[in-house]
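Novice: One predicted model, sequence on top.
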Amino acid sequence: MSGPDPEALWRFLAAGLACGTGLVTVYALGLLGLSATGRRRPLGLLAAGMCFLAVAAGVAAGLYVLAG
Amino acid sequence: MDTGPLLLSVVVATAFAFAFTNGFHDTANAMATSIATGALPARAAVTLSALLNFLGAFLSLKVASTIAQGIVDAGAITMTVIFAGLVGGLLWNLVTWYLGAPTSSSHALIGGVVGAALIAAGTRAVKVGGLVADVLLPALVAPLAAVLVAGTGTLLVYRIVAGVSAGIRERGLRIGQVGAASLVSLAHGTNDAQNAMGIVTLALIVNGTLGRGASPPVWVIVSSAAAIALGTYAGGWRIIRTMGKGLTDIERPQGFTAEGAAAALVLAATQSGFPLSTTHVSCGSIVGAGMGRGRGRVRWKVVAKIAAMWLVTLPAAALVGAAAWLGARLVGGAQGTAVVFVGVLIIALGIYVAADLRPVNASNVNAVWTGGTPAAPYAGTEPGPTPGTPETSGPGGGPGSPPAAGRPAP
C-alpha cells in the first residue's frame, strides 16, 4: 500500500504559502508605491516597478511550471 | 455484427459530455470572485475563462494518461468500466450543479471509476493507498492551506492598501484579480481537460485503436479542449453564485487575495506533483479571504454544506458508477452501454428542466444572497457587504430554496 508523498506535500505547502501570500503582498506594496506623491514619488515609482517586476517573474514561473 | 465501434463511440461521447460538465461546473473556481466584485462583467468573465481553458489544454499533456492510475488496477479497466465511471462523474456533476454545490469534477470521475471497478472486479481492483494519497489527503490539506494563505494575504493586503489612493487601489486590485483568475483558468484547462483526454485515449487503447503507451491523438486534444471550453462558456451560474455570494460577501481586496492564493496553490501543486482539486482550493481561498476580515464574515452553514458534499462526492459517484456498470451489464454488450447512455441523457434533461424552473444566470447571479436561487428578478448589484446575512438553505439553488417569484430579467 503506497502512502502520501511527504516530499510533494512539503514542497506544495512551502511554495504555496510563500508565493500565495508573498506575491499578493508584493503586488499591494507596488500599488502603495504607485500612489506615493511629492518628493517620495520617484522612489515610490521605482519601488512599484520592482514589485511588479517580481510579480511578473512569479507569473512567468507559474506559466513555465504549467507548460511543464 | 461488430459492436466495437458503437461501444467506443458511446464512451467517447460520454467522455466529451463529462468534459463539458467539468467546464461549467468549474467556471466558478476562477471567475466567481471576479463576477461577485464586478471586476469583470459576468459574460466577459466566462468568455475569458473559456478561452483560457481552451488554451490551457494545449500547454501540457504530461498527465493525460494518468486518470485513476494508481487508484484502480489497470487490469480491471474495461470499456464498460470506463463508460460507467464517466456516467458516475457526469451525473454527480449535474446533481451538484443543480444544488449549486462546488465539488471536484476529478474526484467525481475517480469515484465513478472506482465504483465501476469495484463492482466489476471486486475490492482487489482498488488501491486504497492511491486513494488516500491522491484523493483523500489532498482533499483535507488543500482547502486548509488555501484558507491559511488567503486569510494571511487578506490581512496584509487590507493593511497595505489602506494607504493607497482610491483610484489606484480599485484599478490595481481589479487588474490583479483578473490576472490571477486568468492564471487559475489556464491551469484549470491544463489540468482538467486532461481528464477527458486521458480517458478517451485509454478507451482507444482498450479498444485496440491505439497501442499501449500512445499519446492522445490531435483530434482528442482539440475535442477535449473544445468541450471543456464550451462548458466553461455555458457558465455554471448556480455554482458561481454559491461561491461568489454564498460563502461570504467579497470585497475587491478579498477577491484579489482569494484568486492570488488559488493561482499560487494550484501552480505550486502542479510544480510539486501534489494532486489537488482546483475547486477545493478556490473554495478554501474564498473562505480564507472572508476570515481575513473576521470569522463572522463567513457563512459557516454554507461552508458546512459544501464540506458535506465533498465528503459524499466519492461514494456517491462510485454508487452511480456501479449502478451504470450493472445496468449496462444487465442489457449486455454495446447495446447495454447505449441504453444506459440514453438513460443518462434523459436524467440530464430532467435535471436541466428542473434547474430551468429556478434559473440562475448572468442577470441574477449577483443578487443579494438569501440562501440559494434568487427569490426575485435581479434589479442591480448588491450595494455593499452584508456580513452575517442568515442563510435559509444552500449551498445553492436546491429544492430547499425559497420559491422563485419570477424569472430573472434576460
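Specialist: That came through, no problem. Computed from a prediction, not measured in an experiment: that's the story for all the values here.
Novice: those helices in the stretch 151-300 of chain B, which residues are they?
Specialist: Ranges of helices in the stretch 151-300 of chain B, per DSSP state H, counting those that start in this stretch, are B:166-207, B:218-234, B:237-241, B:252-272, B:278-291, B:300-331.
Novice: will you turn the ones you listed into a markdown table that also has distance to B:A45?
Specialist: Heads up, the C-betas are built off the backbone N, CA and C, glycines and all. As requested, the helices of the stretch 151-300 of chain B are arranged in a markdown table below (distance: least, Cβ to Cβ, whole Å):
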| stretch | distance to B:A45 |
| --- | --- |
| helix B:166-207 | 8 |
| helix B:218-234 | 10 |
| helix B:237-241 | 9 |
| helix B:252-272 | 11 |
| helix B:278-291 | 14 |
| helix B:300-331 | 21 |
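Novice: and chain A, which residues reach chain B?
Specialist: Residues of chain A lying close to chain B (Cβ under 8 Å from any Cβ of the partner chain) are A:1-5, A:7-9, A:11-13, A:15-17, A:19-21, A:23-25, A:27-32, A:34-35, A:59, A:62-63, A:65-68.
Novice: Now the buried members of the residues you listed.
Specialist: A:4-5, A:8-9, A:11-13, A:15-17, A:19-21, A:23-25, A:27-32, A:34-35, A:59, A:62, A:65-66 (16 or more other Cβ atoms under 10 Å in any protein chain shown).
Novice: show me the contacts for the residue nearest the centre of chain A.
Specialist: Taking Cα atoms, centre = their mean, the centroid of chain A lies closest to A:L23, which sits 2.4 Å from it. Contact analysis of A:L23 by Cβ atoms under 8 Å, 6 or more residues apart in numbering or on different chains lists A:54-55, A:58, B:260, B:264.
Novice: Throw the helices of the stretch 151-300 of chain B into a markdown table and include mean neighbour count, mean pLDDT and distance to B:G129, thanks.
Specialist: Converted to a markdown table, the helices of the stretch 151-300 of chain B look like this (neighbours: other Cβ atoms under 10 Å in any protein chain shown; pLDDT from 0 to 100; distance: least, Cβ to Cβ, whole Å):
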| stretch | mean neighbour count | mean pLDDT | distance to B:G129 |
| --- | --- | --- | --- |
| helix B:166-207 | 24 | 91 | 21 |
| helix B:218-234 | 21 | 95 | 29 |
| helix B:237-241 | 30 | 96 | 31 |
| helix B:252-272 | 30 | 91 | 19 |
| helix B:278-291 | 31 | 96 | 21 |
| helix B:300-331 | 20 | 96 | 15 |
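Novice: what would the ones you listed look like in a markdown table with distance to chain A?
Specialist: Shown next, in a markdown table, are the helices of the stretch 151-300 of chain B (distance: least, Cβ to the nearest Cβ, whole Å):
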| stretch | distance to chain A |
| --- | --- |
| helix B:166-207 | 4 |
| helix B:218-234 | 14 |
| helix B:237-241 | 22 |
| helix B:252-272 | 4 |
| helix B:278-291 | 8 |
| helix B:300-331 | 16 |
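Novice: Among those helices, which comes closest to B:W92?
Specialist: Among the helices of the stretch 151-300 of chain B, the nearest to B:W92 by Cβ to Cβ is helix B:300-331 (4.2 Å).
Novice: Can you get me a residue count around B:G129?
Specialist: Using other Cβ atoms under 10 Å in any protein chain shown, the number of residues around B:G129 comes to 13.
Novice: check which helix or strand covers it.
Specialist: Assessed by DSSP states H and E, B:G129 sits inside helix B:128-131.
Novice: can you count the residues close to B:D73?
Specialist: The number of residues packed near B:D73 is 17, by other Cβ under 10 Å.
Novice: Downstream of whichever helix in chain A runs longest, the next helix or strand is which one?
Specialist: The helix that spans the most residues within chain A, counting by DSSP state H, is helix A:6-34. Once helix A:6-34 ends, the next helix or strand along the chain (criterion: DSSP H and E) is helix A:41-67.
Novice: The longest helix of chain A: how far from the chain's middle?
Specialist: In terms of Cα atoms, centre = their mean, to the nearest Å, the gap separating the centre of helix A:6-34 from the centre of its chain is 5 Å.
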